[in-house]
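Q: Predicted model, plus sequence, below.
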Amino acid sequence: TRTDAQAKNLPFNPFDLTKIFSQKQFPLRKVAFSPANMPAGIEASPEKMLQVRLFIYTDTQRHHIGANFMLIPVNNSETNENVKAVIKKDYRKEFHGPEITSRQAHIEHATYKAGLEVLDDQGSKNLIDNMVEHLEQCTDKDVVKRAVAVLANVDDDFGKTLAQKLRIDSPKR
């Protein structure tokens, strides 16, 4: 295991992807870390190097360690086994709390109005375009619909514009 003190004394940046650590100085252990081992409900970002690693690490582990590389403890999330048995793989990532009893907001009108006027037309367009770009990358369309529904609670027009650009139905009130 490399310590922070050892990292400071290395002749190169320890986070440089192009450098190789000396196995004499830092012997390897039989572990198989992979960014593909994520808890259910967590998705990888579209970052290119991460996408490559999601595939390559798993493939390399299968080659070097064998077909049962997933049995190494580091590749299994720490979960109560009794809970694991009842969790469905296709679970819905949501919580059904109490129903909304009133849509009225108890906000000072001037404060609310000032919050909406912070962005000019171009700023609003940029905000919507940025949100659309990120929401389009989400593979779970139910999450996208719920995100738009929450944002529509803040401002109807904002929610409708997002829904239109994402090609989904406008949230129902």
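A: Structure received. Numbers count the residues shown, from 1 in each chain.

Q: What residue spans form the domains of the chain?
A: The record's domain parsing of the chain by automatic domain parsing lists 4-86, 109-165.

Q: Point out the most buried one among the ones you listed.
A: domain 109-165 (a mean of 14; mean count of other Cβ atoms under 10 Å). Every residue, glycine included, has its C-beta placed from N, CA and C.

Q: In terms of mean pLDDT, which of the domains of the chain ranks lowest?
A: Mean pLDDT per stretch puts domain 4-86 lowest among those, at a mean of 76.

Q: Report the secondary structure state of A152.
A: Secondary structure state of A152, per DSSP: H, G, I helix; E, B strand; the rest coil, is helix.

Q: Skipping its backbone neighbours, what lies nearest it in space?
A: Leaving aside its sequence neighbours, A152 sits nearest to G159 (Cβ to Cβ, 6 or more residues apart in numbering; 2.3 Å).

Q: how about that neighbour, what does it touch?
A: V148, A149, L151, A152, N153, S170, P171 (Cβ atoms under 8 Å, 6 or more residues apart in numbering).

Q: what do you get if the cut-off is 10 Å, keeping everything else the same?
A: A147, V148, A149, V150, L151, A152, N153, S170, P171, R173 (Cβ atoms under 10 Å, 6 or more residues apart in numbering).

Q: same check, this time on Q137
A: Q137 touches E43, S45, P46, V144, counting by Cβ under 10 Å, 6+ apart.

Q: Of those, which pair is most distant in space?
A: S45 and V144 (16.0 Å; Cβ to Cβ).

Q: Please, where are all the helices along this structure?
A: Applying DSSP state H to the chain gives helices spanning 4-8, 48-65, 81-86, 109-116, 121-135, 141-154, 156-165.

Q: Reformat these as a markdown table; add distance to F15.
A: Shown next, in a markdown table, are the helices of the chain (distance: least, Cβ to Cβ, whole Å):
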| stretch | distance to F15 |
| --- | --- |
| helix 4-8 | 9 |
| helix 48-65 | 12 |
| helix 81-86 | 34 |
| helix 109-116 | 40 |
| helix 121-135 | 26 |
| helix 141-154 | 32 |
| helix 156-165 | 37 |
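
Q: between the ones you listed, which one is nearest to L28?
A: Taking those one by one with Cβ to Cβ, helix 48-65 is closest: 10.3 Å.

Q: Quick check: chain neighbours aside, which residue is closest to the residue nearest to the spatial centre of the chain?
A: Nearest to the geometric centre of the chain sits E43, at 4.6 Å (Cα atoms, centre = their mean). Nearest in space to E43, with sequence neighbours left out and distances taken as Cβ to Cβ, 6+ apart, is T139 at 6.5 Å.
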